[in-house]
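Engineer: Sequence and predicted structure below; questions after.
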Amino acid sequence: MTEPASPYPLLDSLSAPQQIRHFTPAQLEQLAAEVRAFLIASVSETGGHFSSNLGTVELTVALFHHFDFLQDRIVWDVGHQAYPHKILTGRKGRFPTLRMHHGLSGFLKRDESPYDHFGAGHASTSISAVLGMAKARDLQKQDHACIAVIGDGSMTAGMAFEGLNQAGYLATKNFLVILNDNDMSINPNVGSLQGYLNQIMSGQYYHRWRDRIEHAIKAIPLEGLSKGVAKAAKWSEESFKRLMVPGLLFEDLGFRYMGPVNGHDVNAVSKALTEAKEKMKDGPVLLHVQTKKGYGYAPAVEDPLKWHGVTAFDAEAGEIIKVVSDPAKPAPPSYTSIFGKALVELAKTDGKIVGITAAMLDGTGMNLFQKAFPDRCFDVGIAEQHAVTFAAGLAAQGMRPVAAIYSTFLQRGFDQVAHDVCIQDLPVTFALDRGGIVGADGPTHHGLYDMAYLRCLPNIVLMAPKDENELRRMLMTALYCGHPAALRYPRGSGLGVPLEEPITALAVGKGELLREGSDLLLCAVGSMVEPALRTAEALAAEGISCAVINARFIKPLDADLIHAWARPCRAVVTLEEGCAPGGFGAAVAESLADGGLARPLLRCAVPDHLVHHGDPKRLLEEEGLDPASLLRRIREFHGTLK
């Protein structure tokens with residue numbers, strides 16, 4: 001029996017992406033169609049970033065037709081638009097393991113492929129990184145091309161323009177920035193005008209007439225004319241450019257602007273790249289490519305946000321596969337939704353509460369606040385630094401701003417948190433979603449460092465709830481404590497505890513004794529409180545008496561409570577879902593030392609290493625933070641005590 005023919009004959013025939021450089025226009029179109037078909041089939045099985053990648057298929061194929069990325073350098077901003085790049089660089093066979101434990105990363109990784117020149121999980125880094133590569137190339141007397149592909153909202157961050165400004169100032173040659181404009185960033189789709197602009201902007205017609213008019217005006221002996229006529233001539237030149245060049249901003253920054261080009265016409269993109277390669281010889285070029293998120297898959301085109309990042313789905317039906325829970329035991333609401341609803345509830349009675357997020361309305365639950373209070377909700381785009389200082393300005397004028405930002409993304413605004421918020425002791429509330437291990441997105445997205453990088457700052461109040469009811473109380477505490485405050489909470493469902501009404505604040509800096517004991521003190525915070533209680537119960541059955549404290553506050557730490565229960569106990573164990581260096585356990589160790597309490601200490605936290613992508617439960621097990629590992633580790637620790 002003969003095997004059925006492959007649905008991807010051209011794609012399967014590739015032994016190296018350099019072969020694409022010799023493809024005909026028809027072959028480029030066929031390859032793009034096969035890459036898109038493979039992408040849909042594969043991601044429907046594994047889940048992953050989807051609509052952004054569908055939008056970059058033709059662009060990626062065209063880039064590999066013109067460049068050899070073993071020599072030339074390319075950085076894809078964020079990386080969630082680079083699945084086609086991965087497919088064409090020898091990783092097609094690994095796509096069934098996408099974002100799985102020890103499987104293919106969902107982002108670019110320098111140690112995964114020689115074609116991945118720069119890793120990124122946060123946006124707007126590509127231009128600066130590629131500019132650094134270009135200057136390193138120049139200093140080493142090399143001549144390969146350096147390319148940044150930025151888009152999907154990434155141009156809203158100031159860092160992108162900082163890179164453009166420097167690249168233009170340096171007049172960097174053989175340097176190309178591709179703006180992948182998918183209607184989610186710079187400008188909306190302009191319909192039929194787009195095709196007209198394609199013709200005059202990317203073709204020789206436009207460039208020829210621009211050059212002719214510029215040369216004609218420059219040929220006028222302005223010194224012999226009156227000031228008014230000379231000024232009019234200069235005005236005519238600038239007016240023509242402003243009328244005909246939608247990318248004048250980029251030209252003013254020192255770039256030769258090209259576009260917009262239809263990013264789903266692989267041969268149009270190829271033609272534009274041919275022209276760009278010539279212009280790059282004289283200085284930096286910005287190629288404006290217009291694409292659609294989800295292109296080629298109707299459900300993703302209709303709702304690109306829903307299909308941005310997906311779980312497994314039925315590709316034929318266009319329906320995301322939902323895990324059906326036991327109707328008798330419905331899953332508790334997520335921490336994200338609890339936060340969003342609590343913020344709305346509190347804002348109903350306080351008009352000073354305002355919400356801020358950085359392009360993460362749905363992801364942070366701030367969409368609920370936006371729906372209830374559209375005039376008091378601000379999505380600043382992918383601009384975390386601006387979000388923090390914007391919040392500081394609001395707080396300085398008597399408002400109560402709540403900045404809802406993923407833990408890992410607040411790292412981008414650390415200086416603003418320190419300088420603009422904490423030093424001025426402004427009452428900004430930071431709601432840090434995804435605190436802890438988050439899973440498939442890997443090391444760039446795990447929220448492991450917030451406790452360490454925030455607790456060192458002056459004036460800040462730092463909290464982590466043990467359950468969703470405590471999250472509500474901490475939100476109110478943060479809003480009315482009169483100082484900068486941050487509450488960090490995990491991704492996923494809560495514990496299903498009852499929600500108290502009305503919401504009441506906590507006493508700042510006061511922990512909670514959950515269990516008395518005399519052998520070990522288990523001091524836990526946030527998501528590790530419930531495992532600490534379970535561990536204490538299991539150890540009690542073995543004759544080991546454990547006190548359990550829910551610290552609630554990482555800063556200010558409840559030293560009185562911890563010291564009071566550390567004294568009668570033989571040793572102390574800290575439990576946290578965060579990094580060990582500088583984290584909660586380190587805070588407890590410092591407090592015990594300051595109090596003159598010399599006790600053996602076991603810190604259960606993530607060691608000083610990267611945590612890669614995979615199922616969160618599996619990752620917690622590897623880090624020794626799952627219930628079984630905690631029980632084993634603490635039992636063994638107790639056995640070492642004399």
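Structural biologist: Looks like it came in fine. Numbering: from 1, shown residues only.

Engineer: Mind naming the longest strand for the protein?
Structural biologist: strand 571-579 (DSSP state E).

Engineer: Paired strands for that strand, with orientation please.
Structural biologist: strand 520-524 (parallel), strand 601-606 (parallel) (DSSP bridges).

Engineer: Give me the distance from stretch 489-506 to the chain's centre.
Structural biologist: Using Cα atoms, centre = their mean, to the nearest Å, the mean C-alpha position of stretch 489-506 is found 26 Å from that of the whole chain.

Engineer: List the buried residues for it?
Structural biologist: Buried residues in stretch 489-506, defined by neighbour count with 16 or more other Cβ atoms under 10 Å: 489-494, 499, 503, 506. All C-beta spots, glycine's among them, are computed from the backbone N, C-alpha and C.

Engineer: thinking again about what came up before, tell me the mean pLDDT for the helix or strand following the longest strand of the chain?
Structural biologist: Where DSSP states H and E defines the elements, the next helix or strand beyond strand 571-579 is helix 584-594. Per-residue pLDDT over helix 584-594 has a mean of 97.

Engineer: how distant is helix 584-594 from the center of its chain?
Structural biologist: Remark: helix 584-594 is offset 32 Å from the chain centroid, using Cα atoms, centre = their mean.

Engineer: Show me where the stretch 101-250 of the chain has its strands.
Structural biologist: 146-151, 175-181 (DSSP state E, counting those that start in this stretch).

Engineer: Most tightly packed of those?
Structural biologist: For the strands of the stretch 101-250 of the chain, average neighbour numbers computed from mean count of other Cβ atoms under 10 Å are highest in strand 146-151, which has a mean of 29.

Engineer: Check the offset of it from the chain's centre.
Structural biologist: 17 Å.

Engineer: Next, the angle strand 175-181 makes with that strand.
Structural biologist: On the basis of axes from the mean of the first three to the mean of the last three Cα atoms, to 10 degrees, strand 146-151 is oriented at 10 degrees to strand 175-181.

Engineer: in its sheet, what does strand 146-151 sit against?
Structural biologist: With DSSP bridges as the test, strand 146-151 is paired with strand 73-76 (parallel), strand 175-181 (parallel).

Engineer: Reformat these as CSV; add mean pLDDT and distance to Leu410.
Structural biologist: Output for the strands paired with strand 146-151, formatted as CSV (pLDDT from 0 to 100; distance: least, Cβ to Cβ, whole Å):
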stretch, mean pLDDT, distance to Leu410
strand 73-76, 96, 23
strand 175-181, 94, 26
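
Engineer: Arg412: which of those is closest?
Structural biologist: Within the strands paired with strand 146-151, the stretch nearest Arg412 is strand 73-76; the backing value is 17.3 Å (Cβ to Cβ).

Engineer: mind exporting that closest one as PDB, just the C-alpha atoms?
Structural biologist: In PDB, the C-alpha atoms belonging to strand 73-76 read as follows (Å, rounded to 0.1, in the frame of the first residue of the first chain):
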ATOM      1  CA  ARG A  73      20.700  38.800  11.100                       C
ATOM      2  CA  ILE A  74      17.000  39.100  11.900                       C
ATOM      3  CA  VAL A  75      15.200  39.800  15.100                       C
ATOM      4  CA  TRP A  76      11.400  39.100  15.300                       C
END
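
Engineer: could I get the strands paired with strand 146-151 as a markdown table with distance to Gln166?
Structural biologist: Written out in a markdown table, the entries for the strands paired with strand 146-151 read as follows (distance: least, Cβ to Cβ, whole Å):
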| stretch | distance to Gln166 |
| --- | --- |
| strand 73-76 | 15 |
| strand 175-181 | 11 |
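
Engineer: For Ser629, find the nearest of those strands.
Structural biologist: Among these, strand 73-76 comes nearest to Ser629, with 36.7 Å by Cβ to Cβ.

Engineer: Outside of the helix or strand just after that closest one itself, which residues are in contact with it?
Structural biologist: Using DSSP H and E, the helix or strand that follows strand 73-76 in sequence is helix 83-86. Contacting residues not belonging to helix 83-86 are listed as 35, 39, 43, 48-49, 53, 56-57, 60-61, 74, 76, 92, 95, 104, 108, 113, 115 [Cβ atoms under 8 Å, 6 or more residues apart in numbering].

Engineer: low-scoring stretches of the stretch 301-450 of the chain, by residue?
Structural biologist: Flagging of the stretch 301-450 of the chain using pLDDT under 70 yields the residue ranges 323-328.

Engineer: follow-up on the earlier one: tell me what angle the longest strand of the chain forms with helix 584-594.
Structural biologist: An angle of 140 degrees separates the directions of strand 571-579 and helix 584-594 when computed by the same axes, to 10 degrees.

Engineer: Tell me how many other residues crowd Val285.
Structural biologist: Around Val285 there are 27 other residues, counting by other Cβ atoms under 10 Å.

Engineer: shouldn't it be in contact with Phe255?
Structural biologist: Yes - under the criterion of Cβ atoms under 8 Å, Val285 makes contact with Phe255 at 6.3 Å.

Engineer: Which neighbours do the two have in common?
Structural biologist: Common contacts of Val285 and Phe255, defined by Cβ under 8 Å, 6+ apart, comprise Val177.

Engineer: thinking again about what came up before, got the CA coordinates for the longest strand of the chain in CSV?
Structural biologist: Once non-C-alpha atoms are left out, strand 571-579 reads as follows in CSV (Å, rounded to 0.1, in the frame of the first residue of the first chain):
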residue,chain,number,x,y,z
ALA,A,571,13.4,25.3,62.9
VAL,A,572,11.7,27.5,60.3
VAL,A,573,10.6,26.7,56.8
THR,A,574,9.6,29.4,54.3
LEU,A,575,7.4,28.6,51.2
GLU,A,576,6.9,30.9,48.2
GLU,A,577,6.3,30.6,44.5
GLY,A,578,9.1,33.0,43.6
CYS,A,579,12.8,33.2,43.2
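
Engineer: Quick one: distance of it to the chain centre.
Structural biologist: Strand 571-579 sits 27 Å away from the centroid of its parent chain (Cα atoms, centre = their mean).

Engineer: again, but for stretch 556-567
Structural biologist: Here stretch 556-567 shows a centroid-to-chain-centroid distance of 37 Å under the convention Cα atoms, centre = their mean.

Engineer: Show me this structure divided up by domain.
Structural biologist: Annotated domains of the chain cover 9-187+246-301, 335-488, 512-639 [automatic domain parsing].

Engineer: Identify, from the buried residues of stretch 489-506, the entry nearest to Ala272.
Structural biologist: Checking the buried residues of stretch 489-506 against Ala272 by Cβ to Cβ gives Arg491 as the nearest, at 40.7 Å.

Engineer: Distance-wise, check that closest one relative to Gly79.
Structural biologist: Remark: distance between Arg491 and Gly79 (Cβ to Cβ, to the nearest Å) = 20 Å.

Engineer: Kindly report the same for Gly163.
Structural biologist: Here the criterion is Cβ to Cβ. By it, Gly163 lies 17 Å from Gly79.

Engineer: The two: who's more crowded?
Structural biologist: For Gly163 versus Gly79, the count of surrounding residues by other Cβ under 10 Å is larger for Gly79: 27 against 23.

Engineer: Now do the same for that one: its pLDDT.
Structural biologist: 75.

Engineer: For Gly48, see how far away it is.
Structural biologist: Using Cβ to Cβ, which is the criterion applied here, Gly79 is 11 Å from Gly48.
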